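Chemist: sharing a model prediction with you, sequence too.
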Amino acid sequence: MKLLALEAVQNARYYQSRYRQIEEFGGTLFVLNGLGEPDYWPADRYRIAGSRHIDDIIATARAWHATEQFHGVLTFSESGVLTVAAVAEALGLPGVGLDAARISRNKLLMREAQERGGAPVPRFRLAPDLTAALAAADEFGYPVILKPTLGAASNFVFKIDDPTELRTRFPQALDGMAGMSWFRMEAEGVDLGPYGLLVESFLDGRELQIEALAWDDEVYLGSIVDRITIEGNTFDDDAHRAPTTLDADQLAAVHEVVTTAAHAQGLRRSVMHAEVRFHQGKPHLLEIAVRPGGGGLDYFARLSTGYCPIRATMAVAAGTKPDVQHYHPTGVHLAGTCLIGGPGQIERITVPAAVAESDRVFFLKITAQPGDVIRRPPDGNNILGFLCTSGATFDEAIRTAYEFAAQIDVQLAAPAPRLTA
């Protein structure tokens, strides 16, 4: 199976580990970056378009496809969703379609589609200015959520408790989203939908991270992970557990709302990462992305349920149904945490061998490198990496994760400069 991975702008080397998984699972992977580094991937299977404009990326992909005859195109990047949809359409390969991709990338279009389709969602409104944001918040009632329509990784997403805080956060989010890497990594020449800030009513219950698959009329929940982060006013998404503690009735309700929302977004054959929150005892949609979840969620899925989001991505890209069943946990206890430190420029990160080589660690990935600038709210939401552990019980697994995380030494060289657009 020949597959083409795409990014309009290369996101450092973040996705290389997943690209290697594709090859470990039997795929032959070619990589095309609009803008990227030389020597990023083996030379005979790597090209750089030299431009982030979608026409140039499509032209390069089309010429390469003429000689290689790819079976499908894919991305693991939220910023690559529309690029992949456009290239798939141009090359006549399987894809979700540009309209569904745009709806699934743009938070306002997603909310509107979900609401039209009857999925339970928070109240929402696009706020073109602070006055509009204050009016929406007053109508919905505090706390509210402020978020960019084209965001990712919880950058510039704030829980707002009162008008004074909204007056502070609104200009921070407005300035920050223009310089956000996830926005700057989008292809040029593609209609991304409305650009701005959303105000949403707050959903007050537990949160779930779900790896799912839409295939024709059926939606499968392949993996469900509980988010156990202590709620704050920014969203680090930093601790998870599996298997989920949902009971049978809650599981059925979650399946129903994810199915409704997926179909409302126009997703008929797609891998999905869904985020759901309970509000007043009932599940509501946060979002459905048309890619696997990040961090170690693919490892969580394989170990806790036997579902593999990477294999599913490969199959869907080639137009074949993945090996999937409805949610069925294995009973293995897993915990995961994001590695989060203070803001500044990274000088050195040292992971002890006792951590890196432990049989209790099933996923460890340091994403920050020396020289990288780490930004923390309100200037951004960068992390250092991910650490995921197993145990005989969840309490044992999460205790190990926190103990090991504390042993990772991070040295900062300088404070992080202020982010500018």
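Modeler: Everything's here; your move. Numbers count the residues shown, from 1 in each chain.
Chemist: can you tell me the element the residue sitting furthest away from the middle of the chain falls in?
Modeler: Farthest-out residue of the chain from its mean C-alpha position, per C-alpha atoms, centre = their mean: residue 67, at 32.4 Å. Assigned by DSSP states H and E, residue 67 belongs to helix 54-68.
Chemist: swap in residue 171?
Modeler: Counting by DSSP H and E, residue 171 is part of helix 163-179.
Chemist: contacts for that helix, please.
Modeler: 127, 130, 133-134, 137-138, 142, 144, 146-148, 150-151, 155-156, 158, 160, 183, 197, 233, 378-380, 419-421 (C-beta atoms under 8 Å, 6 or more residues apart in numbering). Backbone N, C-alpha and C define where each C-beta goes, glycine included.
Chemist: ditto for stretch 6-13
Modeler: By C-beta under 8 Å, 6+ apart, stretch 6-13 touches 15, 31-37, 40, 52, 54, 57, 61, 73-75, 77, 79-80, 83-84, 87, 181, 184-188, 367, 369.
Chemist: a strand runs through residue 90, doesn't it?
Modeler: No. Using DSSP: H, G, I helix; E, B strand; the rest coil, the assignment for residue 90 is helix, not a strand.
Chemist: measure it to residue 159 for me?
Modeler: Relative to residue 159, residue 90 is positioned 41 Å away (C-beta to C-beta, to the nearest Å).
Chemist: what does residue 362 give?
Modeler: In terms of C-beta to C-beta, residue 362 sits 31 Å off from residue 159.
Chemist: do me a favour and get the end-to-end distance for stretch 146-162?
Modeler: 12 Å (C-alpha to C-alpha, to the nearest Å).
Chemist: state the number of residues packed around the closest residue to residue 184 other than its chain neighbours.
Modeler: Closest residue to residue 184 apart from its sequence neighbours, by C-beta to C-beta, 6 or more residues apart in numbering: residue 9 at 6.8 Å. When neighbours are defined as other C-beta atoms under 10 Å, residue 9 has 19 of them.
Chemist: before we move on, back to that, list of residues touching the helix holding residue 67?
Modeler: 2, 4, 6, 8, 30, 32, 34, 47, 49-51, 70, 73, 83, 86-87, 90-91, 187-190.
Chemist: C-terminal to that helix, what's the next element?
Modeler: Per DSSP H and E, the helix or strand that comes after helix 54-68 is strand 72-74.
Chemist: for that following strand, name the packing helices and strands.
Modeler: Secondary-structure packing of strand 72-74 (3 or more C-beta pairs under 8 Å, 6 or more residues apart in numbering; DSSP states H and E): strand 2-9, helix 81-91, helix 309-317.
Chemist: tell me the angle of whichever helix or strand comes after the first one relative to strand 2-9?
Modeler: Of the helices and strands lying after strand 2-9 in sequence (DSSP H and E), the nearest is helix 16-24. Taking axes from the mean of the first three to the mean of the last three C-alpha atoms, to 10 degrees, one finds that helix 16-24 is oriented at 170 degrees with respect to strand 2-9.
Chemist: buried stuff in helix 16-24?
Modeler: For helix 16-24, the buried set under the neighbour-count rule, 16 or more other C-beta atoms under 10 Å, comprises 18-19, 21-22.
Chemist: which phi and psi values does residue 126 adopt?
Modeler: phi -70, psi 130 (degrees, to the nearest 10).
Chemist: so what pairs up with it in the strands?
Modeler: Counting by DSSP bridges, residue 126 is bridged to residue 198.
Chemist: thought it was touching residue 197?
Modeler: Yes. Counting by C-beta atoms under 8 Å, residue 197 is a contact partner of residue 126 at 7.5 Å.
Chemist: which of these two has more residues huddled nearby?
Modeler: Between residue 126 and residue 197, residue 197 has the larger neighbour count (other C-beta under 10 Å), namely 26 against 18.
Chemist: now do the contacts for the more buried one.
Modeler: 126-127, 133, 146-149, 170, 173-174, 177.
Chemist: repeat that for residue 350.
Modeler: 408-409, 411.
Chemist: now with 7 Å, please.
Modeler: When contacts are counted by C-beta atoms under 7 Å, 6 or more residues apart in numbering, residue 350 touches residue 409.
Chemist: now the helices for this protein?
Modeler: 16-24, 54-68, 81-91, 98-105, 107-116, 130-140, 163-179, 181-184, 248-264, 297-305, 309-317, 353-356, 394-407 (DSSP state H).
Chemist: between those helices, which one is closest to residue 337.
Modeler: When those are compared by C-beta to C-beta, helix 394-407 sits nearest residue 337, at 4.9 Å.
Chemist: how distant is the closest one from the center of its chain?
Modeler: Mean C-alpha position of helix 394-407 versus that of the full chain (C-alpha atoms, centre = their mean, to the nearest Å) differs by 24 Å.
Chemist: how about stretch 183-200?
Modeler: On C-alpha atoms, centre = their mean, the centre of stretch 183-200 falls 16 Å from that of its chain.
Chemist: then that stretch to PDB, C-alphas only?
Modeler: Provided in PDB are the C-alpha atoms of stretch 183-200 (Å, rounded to 0.1, in the frame of the first residue of the first chain):
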ATOM      1  CA  PHE A 183      -2.900  28.600  11.900                       C
ATOM      2  CA  ARG A 184       0.300  29.500  10.200                       C
ATOM      3  CA  MET A 185       0.800  25.900   9.100                       C
ATOM      4  CA  GLU A 186      -2.400  25.900   7.000                       C
ATOM      5  CA  ALA A 187      -2.100  25.900   3.200                       C
ATOM      6  CA  GLU A 188      -2.600  29.200   1.400                       C
ATOM      7  CA  GLY A 189      -5.400  29.400  -1.200                       C
ATOM      8  CA  VAL A 190      -7.800  27.300   0.700                       C
ATOM      9  CA  ASP A 191     -11.100  28.600   2.100                       C
ATOM     10  CA  LEU A 192     -10.700  27.900   5.900                       C
ATOM     11  CA  GLY A 193     -14.100  29.400   6.800                       C
ATOM     12  CA  PRO A 194     -14.800  32.200   9.300                       C
ATOM     13  CA  TYR A 195     -11.700  33.500  11.200                       C
ATOM     14  CA  GLY A 196     -12.300  34.800  14.700                       C
ATOM     15  CA  LEU A 197     -13.200  34.100  18.300                       C
ATOM     16  CA  LEU A 198     -16.100  32.000  19.600                       C
ATOM     17  CA  VAL A 199     -17.900  32.500  22.900                       C
ATOM     18  CA  GLU A 200     -19.500  29.300  24.100                       C
END
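Chemist: no further questions, thank you.
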